[in-house]
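Chemist: For reference, the sequence and a predicted model appear below.
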Amino acid sequence: PRIPTDQERQIMKKSLASNFIMCAAILCGLMPQQGHGMLNDTSQGRSITGLTKWQFVQDTSKEHSDIALPGTSAAWTDLEIPHCFRLSGLPEQSAGFYRQVFTTDSEDANKCFYLFLEGAGAVVDVFANGKHVGQHKGAYTACWFDLTPGLKFGGENEVVLRVTNRDQEAANCLSQSNLFYTNGGLYRPAWLVKTLGVHIFPDTGSTGVYLTPKNISKSSADLEVTAHVRNSMKGKVDVAVRSTITDPNGKQVGVIEEKASLQAGETRAITGRKTIANPVLWDLHDGKLYSVRTEVLIGDRVADAITERTGIRTIAMKDGHFMLNGQKVLVRGVCKHHQDEHVWNAMTSDQLKWEMNGMLDLGVNTVRFAHYPHRRFEYHLADEHGLLVWAENGLAGHRWDKGERAKRESKPTEAGEQINLEMVRQN
């Protein structure tokens with residue numbers, strides 16, 4: 001291979017340092033951590049349904065034309081996700097509609113329904129019974145949509161997603177690059193989540209619960225827990241937010257409880273903190289994780305609950321070396337895409353596990369999730385197996401592009417900044 005010039009070495013050195021500090025900060029608690037949420041956690045008020053079977057039809061309209069939902073004569077085909085356009089014989093830069101039908105009970109009128117998409121490439125518009133619910137830009141971060149205002153309770157409901165990966169429609173959201181292919185489509189899992197009117201709100205595409213270890217030493221560590229709680233009811237509600245902390249050995253080591261009064265329609269971030277004595281540290285190939293079950297109580301009743309996990313560890317850069325828990329670490333790893341030569345981006349959980357096992361067999365201690373946010377399932381696996389993660393948002397591919405895209409997509413944008421925020425808060 002060609003030997004880099006001195007100037008290229010300096011650029012690479014700065015890029016590597018900034019990217020690795022970014023990913024290590026995500027993993028090591030300098031930023032709020034998410035990433036291990038159990039969407040199907042047991043509570044009296046929350047239920048979740050995996051949406052694997054969909055109907056699909058290509059969008060043949062001209063690019064940038066107004067969205068026209070398919071009519072009754074549309075030739076829908078049945079498929080299962082994960083799915084990308086190439087699997088239906090279409091170019092990667094296509095657009096299409098995905099259709100889902102489900103029923104609700106009349107008793108669900110005071111409940112909330114959310115659609116959770118782990119990844120749709122690259123821009124998705126969501127319609128509930130023909131009503132536009134919202135839009136998300138960015139192929140590689142998750143998004144939630146509140147379907148409730150568009151639903152009919154006690155009957156059948158139609159949800160239609162319009163997903164586009166067309167060049168101009170997907171511009172300026174870190175999707176296209178000369179370094180990798182963004183195969184458009186609904187290529188990661190999708191879920192329907194039903195909650196009570198008072199619930200943990202899915203902030204920024206996360207589960208709504210953030211864990212932040214602070215002031216870490218061998219003798220103690222502070223664990224900050226923030227839950228975003230929404231009251232969608234018509235009157236004020238008094239709630240208690242209780243977080244129970246369990247160490248990696250299954251021992252309960254603390255309980256945090258905070259109370260709040262939420263006005264009708266209010267969403268509030270409620271934060272508490274607990275000091276943990278003699279914390280068990282997360283380390284390389286020793287993924288010791290603390291578990292935190294956060295409950296929202298109305299009186300004695302659990303209205304909602306989410307479980308998150310996190311590792312407690314310290315990071316630093318010292319004399320040009322990366323330090324984990326005070327020890328120098330020589331980073332040894334691989335670069336990995338969320339792609340397969342047969343199904344492109346539409347990879348299953350079993351395929352991702354197989355790849356992780358292969359990396360572990362190689363003896364790596366770090367994995368670079370190139371060049372964009374990967375499915376949070378992969379971050380889960382890395383934390384469980386004690387692997388450092390190098391996280392990226394996709395901008396590098398744009399800045400290295402010498403073609404037309406470099407002129408229009410090489411600088412930060414509002415959508416790009418949102419993707420950055422989502423990458424950190426979701427994983």
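Modeler: Structure received. Numbering: from 1, shown residues only.
Chemist: then the helix or strand containing residue 100 to CSV, C-alphas only?
Modeler: Using DSSP states H and E, residue 100 sits in strand 95-103. What follows is strand 95-103, C-alpha atoms only, in CSV (Å, rounded to 0.1, in the frame of the first residue of the first chain):
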residue,chain,number,x,y,z
ALA,A,95,-38.3,5.0,-3.1
GLY,A,96,-41.2,2.8,-1.9
PHE,A,97,-44.2,2.4,0.4
TYR,A,98,-44.5,-0.1,3.3
ARG,A,99,-48.0,-0.9,4.6
GLN,A,100,-49.2,-2.3,7.9
VAL,A,101,-52.7,-2.9,9.2
PHE,A,102,-53.7,-3.5,12.8
THR,A,103,-56.8,-3.1,15.0
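Chemist: tell me which residues of it are tucked away?
Modeler: Buried residues in strand 95-103, defined by neighbour count with 16 or more other CB atoms under 10 Å: 95-100. Every residue, glycine included, has its C-beta placed from N, CA and C.
Chemist: Just checking: what are the partner strands of the next helix or strand after that strand?
Modeler: On the C-terminal side of strand 95-103, the closest following helix or strand by DSSP H and E is strand 112-117. Sheet pairing for strand 112-117, assigned by DSSP bridges, gives strand 143-146 (antiparallel), strand 190-195 (antiparallel).
Chemist: Go through those strands and name the closest to residue 58.
Modeler: strand 190-195 (19.1 Å; CB to CB).
Chemist: Quick one: work out the angle between the closest one and strand 95-103.
Modeler: 40 degrees (axes from the mean of the first three to the mean of the last three CA atoms, to 10 degrees).
Chemist: Check what contacts strand 190-195 and list those residues.
Modeler: 39, 45-52, 81, 102, 108, 111-118, 202, 304 (CB atoms under 8 Å, 6 or more residues apart in numbering).
Chemist: ok, 6 Å please
Modeler: 45-51, 111-114, 116-117, 304 (CB atoms under 6 Å, 6 or more residues apart in numbering).
Chemist: now swap in stretch 223-240 and tell me
Modeler: 112, 197-198, 200-201, 203, 208-213, 241, 243, 256-257, 259-264, 266-274, 276, 292, 294, 296-298.
Chemist: ditto for stretch 81-95
Modeler: Residues contacting stretch 81-95 (CB under 6 Å, 6+ apart): 52, 59, 164-167, 181, 183-188, 344-346.
Chemist: Can you tell me which of those residues has the most neighbours?
Modeler: When neighbours are counted by other CB atoms under 10 Å, residue 185 leads those with 33 neighbours.
Chemist: And the nearest residue to it once chain neighbours are set aside, its phi and psi?
Modeler: When the adjacent residues along the chain are set aside, residue 185 lies closest to residue 84, with 3.7 Å between them (CB to CB, 6 or more residues apart in numbering). Main-chain dihedrals, residue 84, degrees, to the nearest 10: phi -130, psi 160.
Chemist: Quick check: buried residues in stretch 62-82?
Modeler: Buried residues in stretch 62-82, counted by 16+ other CB under 10 Å: 70, 79, 81-82.
Chemist: Mark which of these are part of strands, please.
Modeler: Using DSSP state E to define strands, the subset of the buried residues of stretch 62-82 located there is residue 79.
Chemist: so which of the buried residues of stretch 62-82 comes closest to residue 353?
Modeler: For the buried residues of stretch 62-82, the nearest to residue 353 is residue 82 (14.4 Å; CB to CB).
Chemist: Mind listing the residues bridging to residue 134?
Modeler: residue 126.
Chemist: hang on, isn't it packed against residue 145?
Modeler: Yes: judged on CB atoms under 6 Å, residue 134 makes contact with residue 145 at a distance of 5.0 Å.
Chemist: list residues touching both of those two?
Modeler: Common neighbours of residue 134 and residue 145 (CB under 6 Å, 6+ apart) are residue 126.
Chemist: Comparing the two, which shows the higher neighbour count?
Modeler: residue 145 (23 against 15).
Chemist: Return the residues in contact with the more buried one.
Modeler: So residue 145 contacts 115, 126, 133-134 (CB under 6 Å, 6+ apart).
Chemist: go on, residue 71?
Modeler: Per CB under 6 Å, 6+ apart, neighbours of residue 71: none.
Chemist: nearest residue to residue 188 other than its sequence neighbours?
Modeler: Closest to residue 188 by CB to CB, 6+ apart is residue 119, at 3.3 Å.
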